[in-house]
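Colleague: Just a sequence and a predicted model for now, questions to come.
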Amino acid sequence: MYGLSGKDAAFEFHLQRAFPNAAKRACRLRRQGHSAKD
């Protein structure tokens, strides 16, 4: 994870369990945005 606080990490973990497909898509988008910034 990209330096998320514990609360954010726990929330993201909950989202991944609740919405695995959406979480994967958001993770992929975040990775793309992350690499674009670098």
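Modeller: Cool, got the structure. Since this is a predicted model, take the numbers as computed values, not measurements.

Colleague: For the protein, which segments count as helices?
Modeller: For the chain, the helices defined by DSSP state H cover 6-18, 20-37.

Colleague: Pick out the shakiest of the ones you listed, pLDDT-wise.
Modeller: Looking at those, the lowest mean pLDDT belongs to helix 20-37 (a mean of 73).

Colleague: looking just at contacts, which helices and strands does that helix meet?
Modeller: helix 6-18 (3 or more Cβ pairs under 8 Å, 6 or more residues apart in numbering; DSSP states H and E). Any C-beta I mention is one placed from the backbone N, CA and C, and that applies to glycine too.

Colleague: got the angle for the helix it packs on vs helix 20-37?
Modeller: 130 degrees (axes from the mean of the first three to the mean of the last three Cα atoms, to 10 degrees).

Colleague: Of all the residues in helix 6-18, which ones are buried?
Modeller: Buried residues in helix 6-18, counting neighbours by 16 or more other Cβ atoms under 10 Å, are absent.

Colleague: From the contact counts, what lies against that helix?
Modeller: helix 20-37.

Colleague: just how off-centre is the helix it packs on within its chain?
Modeller: 7 Å (Cα atoms, centre = their mean, to the nearest Å).

Colleague: Please save the CA atoms from that helix in CSV.
Modeller: The C-alpha trace of helix 20-37 is given here as CSV (Å, rounded to 0.1, in the frame of the first residue of the first chain):
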residue,chain,number,x,y,z
PRO,A,20,-13.4,-7.3,-4.9
ASN,A,21,-13.9,-6.4,-8.5
ALA,A,22,-14.2,-2.6,-7.8
ALA,A,23,-11.2,-2.8,-5.5
LYS,A,24,-9.1,-4.4,-8.2
ARG,A,25,-10.1,-1.8,-10.7
ALA,A,26,-9.4,1.0,-8.2
CYS,A,27,-6.0,-0.5,-7.4
ARG,A,28,-5.2,-0.7,-11.1
LEU,A,29,-6.2,2.9,-11.6
ARG,A,30,-4.2,4.0,-8.6
ARG,A,31,-1.1,2.1,-9.9
GLN,A,32,-1.5,3.8,-13.3
GLY,A,33,-1.8,7.2,-11.7
HIS,A,34,1.1,6.4,-9.4
SER,A,35,3.4,5.5,-12.3
ALA,A,36,2.2,8.5,-14.3
LYS,A,37,3.2,10.8,-11.5
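
Colleague: Fine, thanks again, bye for now.
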